[in-house]
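Asks: Build me a model:
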Amino acid sequence: MSTLSLWRLFHRRGRGDLRDTSVLAIVAFAAAAAIFLTVLGGVHGFLWRASVDHGLRCLFDQASCVVRRAPAGSGDSGAAMYNELYLMLAIFACLLLAVPFVALAGSAARLAASRRDARLAGLRLAGATNGQVIRLTALDAAGQAGIGVLAGMVGYVAMMPAVGLLSFQGRHFGVSELWVGVPTLLAVAVGMVLLALVSSLVTLRRVSVTPLGVMQRAARPLPGAWRVVAFVAALAGAVGLLSSRAPQAAAAGVIVVFAVVIGCFALVNLVGVWAVAARARRMARHPRRAASLIAARRILDDPKRAWRNVSGIALAVFIAGVTSVTGYVGSMVRDADASSAMIMGDIATGGMLTLGFASVLAAVSCGVMQAGNVADQEREYRMLMLEGTDAATLDRARFIEVLTPLNTVVVIAAGCSMLLMLPLLGTAMVSAAALVSFFGGIALCYALVMIGVLCANRAAHRITDPGEHAVPRVDD
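Replies: Below is the predicted model of the structure:
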């Protein structure tokens, strides 16, 4: 049988659960592509303003970064002197958002693969070769990623007018500044398709080695406490380094600050898995209700997966901390220096925009991963319902399964953000205005994640509804 015939059989009518996960995967790819292209458009806009030839020479040739005359009445004369600073911050924001972008694209590919594994194992048992399974998976993954990227490009173009309303350097972005060009669009499309292919083909190792491998569940070791020791030591060193660099204003000091913040953000992922597992163990020992026990056991089954569901929120919380302080500082220097006030205000605006993008990416990723978890645990959920567990208890368990690591990531990331900013900004970090903005950003993260979980619960009802699947089958 040809690969195309297998693909038609693979997607024959009556497979509503597979269609649901395919749609969710396409939506995730579309959201990732739209947001990442929008951020690249912002980088292109600042590069357009910083370089005389509107090209990349400004990044490598200092002489090309010439301050151009500001348009009459634009109010751009002061801020135009800091074109390089704006460009550097835009690139930094793009690099930050690359983390949740890759995570979301990878989770979308894993979601689709989670529903394919059992079906592909069934095809292997029916006689399909490894080559046919690989080609079928590649065709399916590339198709979903391609459709999602095309939808994301449409979303990117649709968001251009809204982004153009924002004011940076005293003037608004034009379409020519935000348009990244066809080569960049093609590069992003190829990159996302390749990411989907790699994520999908990696999951085939279980199916290709043995058709029955997908049915086996191996116990995963719990993370060790050495992570806490390494995290505390690294955090103490980072605070000491920032304290010594705080009085300096050199460009090297700015690079050190960025490097330390990114490094500590990476370390949060190291200690976060241990913290989530420790919290789940405590919940399992002293459960308050059945939903708490189910959620705790699900988290302990794979703490890394539970952490990945909400790890993108850590970045959003870091951004919320930095943004809250820059907005406060901008309001304080407004009377002293108009140019400095404009720069700080623009940094705050860019930070809020980055926070919004990071929160949306994290929320969509959380919803997609949670839907994938439900799809993976379909048989377990149905068995619980057959044993008498009501749907409301399972819904609460899914909320607790997300809320427990979410609370953990917020506490850890918020504490790290405040500790790292305190040596640099002093009492500005604990001012009322900064704290209100900070906790407002955290509240936004919570709200968006809860929306994602609600959408995942709706998908879960379709998957676990016994009326749609009278007999639970492993190969269905």
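
Asks: in the stretch 101-250 of the chain, what spans have low per-residue confidence?
Replies: 109-134, 202-223, 242, 245-250 (pLDDT under 70).

Asks: residue boundaries of the helices in it?
Replies: Using DSSP state H, counting those that start in this stretch, the helices of the stretch 101-250 of the chain run over residues 130-164, 175-178, 182-209, 226-245.

Asks: Can I get the ones you listed in JSON lines including distance to Gly388 and mean neighbour count?
Replies: All C-beta atoms are positioned from the backbone trio N, CA, C, and that covers glycine. Listed next are the helices of the stretch 101-250 of the chain as JSON lines, based on distance: least, C-beta to C-beta, whole Å; neighbours: other C-beta atoms under 10 Å:
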{"stretch": "helix 130-164", "distance to Gly388": "37", "mean neighbour count": "18"}
{"stretch": "helix 175-178", "distance to Gly388": "56", "mean neighbour count": "16"}
{"stretch": "helix 182-209", "distance to Gly388": "32", "mean neighbour count": "17"}
{"stretch": "helix 226-245", "distance to Gly388": "39", "mean neighbour count": "15"}
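
Asks: what comes into contact with stretch 402-415?
Replies: For stretch 402-415, the external contacting residues (C-beta atoms under 8 Å, 6 or more residues apart in numbering) are 265, 268, 271-272, 275-276, 279-280, 283, 295-296, 299, 306-307, 309-311, 313-315, 317-318, 321, 366, 370, 438, 442, 445-446, 449, 453.

Asks: Quick check: next helix or strand after the helix or strand encompassing Leu267?
Replies: Per DSSP states H and E: Leu267 is located in helix 251-285. Proceeding N to C from helix 251-285, the next assigned helix or strand is helix 290-301, under DSSP H and E.

Asks: so what are the domain limits for the protein?
Replies: What automatic domain parsing lists as the domains of the chain is 1-216, 220-476.

Asks: Leu40 is nearest to which of the helices of the stretch 101-250 of the chain?
Replies: For Leu40, the closest of the helices of the stretch 101-250 of the chain is helix 182-209, at 6.4 Å, according to C-beta to C-beta.

Asks: other SSEs contacting the closest one?
Replies: Packing contacts for helix 182-209, counted by 3 or more C-beta pairs under 8 Å, 6 or more residues apart in numbering; DSSP states H and E, involve helix 16-50, helix 83-125, helix 130-164.

Asks: what's the closest of these to Leu384?
Replies: Shortest separation from Leu384 across these is recorded for helix 16-50, at 17.6 Å, computed as C-beta to C-beta.

Asks: That closest one vs helix 182-209, what angle?
Replies: Angle of helix 16-50 versus helix 182-209, following axes from the mean of the first three to the mean of the last three C-alpha atoms, to 10 degrees, is 150 degrees.

Asks: mind listing what's buried in helix 16-50?
Replies: For helix 16-50, burial by neighbour count (16 or more other C-beta atoms under 10 Å) applies to 17-18, 20-22, 24-50.

Asks: what do you get for stretch 384-403?
Replies: Quick answer for stretch 384-403 (16+ other C-beta under 10 Å): 384-385, 389, 393-403.

Asks: Can I get it in PDB, CA atoms only?
Replies: What follows is stretch 384-403, C-alpha atoms only, in PDB (Å, rounded to 0.1, in the frame of the first residue of the first chain):
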ATOM      1  CA  LEU A 384     -11.700   6.400  36.300                       C
ATOM      2  CA  MET A 385     -15.100   7.300  34.900                       C
ATOM      3  CA  LEU A 386     -16.100   3.700  34.600                       C
ATOM      4  CA  GLU A 387     -15.000   3.200  38.300                       C
ATOM      5  CA  GLY A 388     -17.400   6.000  39.300                       C
ATOM      6  CA  THR A 389     -15.300   9.200  39.200                       C
ATOM      7  CA  ASP A 390     -17.500  12.100  38.100                       C
ATOM      8  CA  ALA A 391     -16.600  14.600  35.400                       C
ATOM      9  CA  ALA A 392     -16.400  17.500  37.800                       C
ATOM     10  CA  THR A 393     -13.700  15.700  39.900                       C
ATOM     11  CA  LEU A 394     -11.700  15.100  36.700                       C
ATOM     12  CA  ASP A 395     -12.000  18.700  35.700                       C
ATOM     13  CA  ARG A 396     -10.800  19.900  39.100                       C
ATOM     14  CA  ALA A 397      -7.900  17.400  38.900                       C
ATOM     15  CA  ARG A 398      -6.900  18.900  35.600                       C
ATOM     16  CA  PHE A 399      -7.000  22.400  37.000                       C
ATOM     17  CA  ILE A 400      -4.900  21.400  40.000                       C
ATOM     18  CA  GLU A 401      -2.500  19.600  37.700                       C
ATOM     19  CA  VAL A 402      -1.800  22.900  36.000                       C
ATOM     20  CA  LEU A 403      -2.300  25.300  39.000                       C
END
